[in-house]
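Enquirer: I would like the atomic coordinates for the input below:
(one chain, ligands or ions: 1)
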Amino acid sequence: MTKKIFKSIMLVCAVVATVGLAFVLGILYRYFGNQITTELAKEAAYLSQGVEEQGVSFLEKLKEQDSRITYIDSDGTVLFDNKADVSSMDNHSDRAEFKKAQEYGAGSTVRTSHTLAEKTIYYALRLPDRTVLRVSNTQYSVIALVGEMILPFCWLLFFILILSGIFASRLSKSIVEPVNQLDLEHPEDNQIYEELSPLLGRIHKQNLEIQNQLDMAKQQQDEFTIITENMQEGLVLIDRYTMILSANSSAWKLFQAEETRLGQCVYCLDRSEDFRKSVERVLSGVHNERILKLNGNDIQLIANPVIRKEKVEGAVLLMVNVTEKMERENLRREFSANVSHELKTPLTSISGFSEILQHGCVNPEDTVKFAGMIYKEAQRLIQLIEDVIQLSRLDEEEVSHKWEEVEASELCKSVIDMLSEKARDMKVHMYIRGAEVKLCTVKPLLEEILYNLCDNGIKYNKNNGSVGIYLEDMDNEVQITVADTGIGISPEDQNRVFERFYRADKSHSKEIEGTGLGLSIVKHAVTYLQGTVTLRSEEGSGTEIILKLPKKHKEI
Ligand code: ADP
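Expert: The predicted structure is shown next:
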């Protein structure tokens, strides 16, 4: 802007200076032309008096003159000329100044030379005897004058332009300076040129509009961020060139990547073939879903194309961690297979024994034995079904149990009572040690836990062995340890005994009745009661199962 103003001022100055000089030159030229004519008239008047008195001799006596003097007879014959040979001069009756003098008494004409370099001003005066006295002088023509004056004029123009340059530079700076210092953030506060007021008002209005739009965009962005950041699912937005536009923190966590990946190609998050195929398909406009293996997790990828005006602009990738769900499904499948298998064994026995009885090929004394076997297998079946029902109940999180205050030692005593006959048969001694402690718990579940543990303690014991329940009050927790002096569990089995249907020693499991579900129920029930269970065992010496249960129930 400064440059433009500077150039404009300079151009105006140059034009004004040139036109001004030309104008002055014209006026001066015209003034000097008139001046010469007046001088010539005066000179002619002065000479005419001499000629009237003395004739041509007056003119011949005159000394060298600047102006040319011509004396012409009334018929146009040249009688005298101080600058030319009279005999060689032609008749002057056709000259305009001669004609004017003859007609009006005096007259002047101007004639320009062929070279245009100069012009001649003639002034003719008629004398009383009708002769004409003509005085003439030369003046430079305009072109000659311009040629003559060009150098000084150029210098003059040059100085004018230098001065104009300095002036224009300062002026343009002083005009632009306030514009440069405009506070566009607060345009209304600027008080410079009045002409800028409408523009500043408009900027102020636009600023307000932009601020409003920014606020709205920020609010929308914040809402979007709040929603996506509170999502458990990973969300990744990509453009049609696979560049990551946005992603929430769950997505970065799932891919174990940093936010610095923003703006990079989405394949840098997962280079697997499956992921690549999914992205390629979604960017061709096809919705697709698949399970990805990512850092040991099962991730369900749902890819939706973003279509605008029938063109795929990008895609939204939604990732859900389904590892637990998959594991649960696998467990359920395994469990169903195991249950079917475990149910089939006693049922096959029952069916076999009843078939033999049906055909009547059993001695009457053996009938009781067969009936007893059928009863035993049926009992096993009932136990198995009860255990499965119990596990299913614990699996169903919605089933609510009643939490109540329970005196732990009393519960232990009742469990010992329930198992006293079995313990007597197995010659196992049972006892309780420790303080009286109260805790808030689900009584039937805790009873089931203690029953299963004591039952195992008796089942997997030796003759004259013992099963002891130790109660300990530990500030916020109650520790219940069920210890036996039985056969113990091998270190490799210790990690697996809590699995469903797992029975440690296959040879024993055939001899000792059991479903392999007891400890699974214990683990599940303890977790439900917000406690922990640990196992300590030594083969041949015995087993200790330690429960830690909170005294108060925490709402989850
Ligand atoms: P089961 O119905 O077979 O007793 P559990 O789930 O209660 O099923 O126990 C799983 C396996 O762990 C048992 O088969 C047994 O081999 C072993 N086990 C459990 N408790 C004891 C214990 N107190 N002493 C030795 N082995 C045990």
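Enquirer: Look at Phe501 and give its secondary structure.
Expert: Following DSSP: H, G, I helix; E, B strand; the rest coil, we place Phe501 in the coil state.
Enquirer: Write out the residues of the protein neighbouring the ligand.
Expert: In this structure, the chain approaches the ligand at residues 452, 456-457, 460, 484, 486-489, 497, 502-505, 508-509, 514-520, 543, judged by CB under 6 Å from any ligand atom. To be clear about C-beta, it is placed using only N, CA and C from the backbone, and glycine gets the same treatment.
Enquirer: mind running it again at 5 Å?
Expert: 456-457, 460, 486, 489, 497, 503-504, 514-516, 518-519, 543 (CB under 5 Å from any ligand atom).
Enquirer: Which ones among these lie within helices?
Expert: Applying DSSP state H to the residues of the chain next to the ligand, the entries found in helices are 456-457, 518-519.
Enquirer: Output those residues in TSV, with pLDDT, distance to Tyr375 and neighbour count appended to each entry.
Expert: Output for these, formatted as TSV (pLDDT from 0 to 100; distance: CB to CB, whole Å; neighbours: other CB atoms under 10 Å):
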residue	pLDDT	distance to Tyr375	neighbour count
Asn456	95	23	23
Gly457	96	25	28
Gly518	93	21	23
Leu519	95	26	24
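Enquirer: so which pair among those is furthest apart in space?
Expert: With CB to CB as the measure, no two of those lie farther apart than Gly457 and Leu519, at 12.0 Å.
Enquirer: what about stretch 526-545, distance to the chain center?
Expert: Relative to its chain's centre, stretch 526-545 lies at 55 Å (CA atoms, centre = their mean, to the nearest Å).
Enquirer: By neighbours, which of the residues of the chain next to the ligand wins?
Expert: Highest neighbour count within these: Gly457, with 28 neighbours (other CB atoms under 10 Å).
Enquirer: Quick check, that one in contact with Thr481.
Expert: No: checked against CB atoms under 8 Å, the pair Gly457 and Thr481 is beyond contact range at 11.0 Å.
Enquirer: Contacts for stretch 353-365 next, please.
Expert: By CB atoms under 8 Å, 6 or more residues apart in numbering, the residues outside stretch 353-365 that reach it are 367, 370-371, 373-374, 377.
Enquirer: Sorry, slip of the keys, the one I care about is stretch 444-454.
Expert: Contacts for stretch 444-454 (CB under 8 Å, 6+ apart): 390, 401, 406, 408, 411-412, 414-416, 418-419, 430, 467, 469, 480, 482, 518-519, 521-522, 525-526, 528-529, 545, 547, 549.
Enquirer: In helices only, show me the residues you listed.
Expert: 390, 408, 411-412, 414-416, 418-419, 518-519, 521-522, 525-526, 528.
Enquirer: Now the buried members of these.
Expert: 390, 408, 411-412, 415-416, 419, 518-519, 521-522, 525-526, 528 (16 or more other CB atoms under 10 Å).
Enquirer: what's the weakest-modelled helix or strand in this structure?
Expert: One helix or strand of the chain scores below all others by mean pLDDT, DSSP states H and E: helix 506-511, with a mean of 56.
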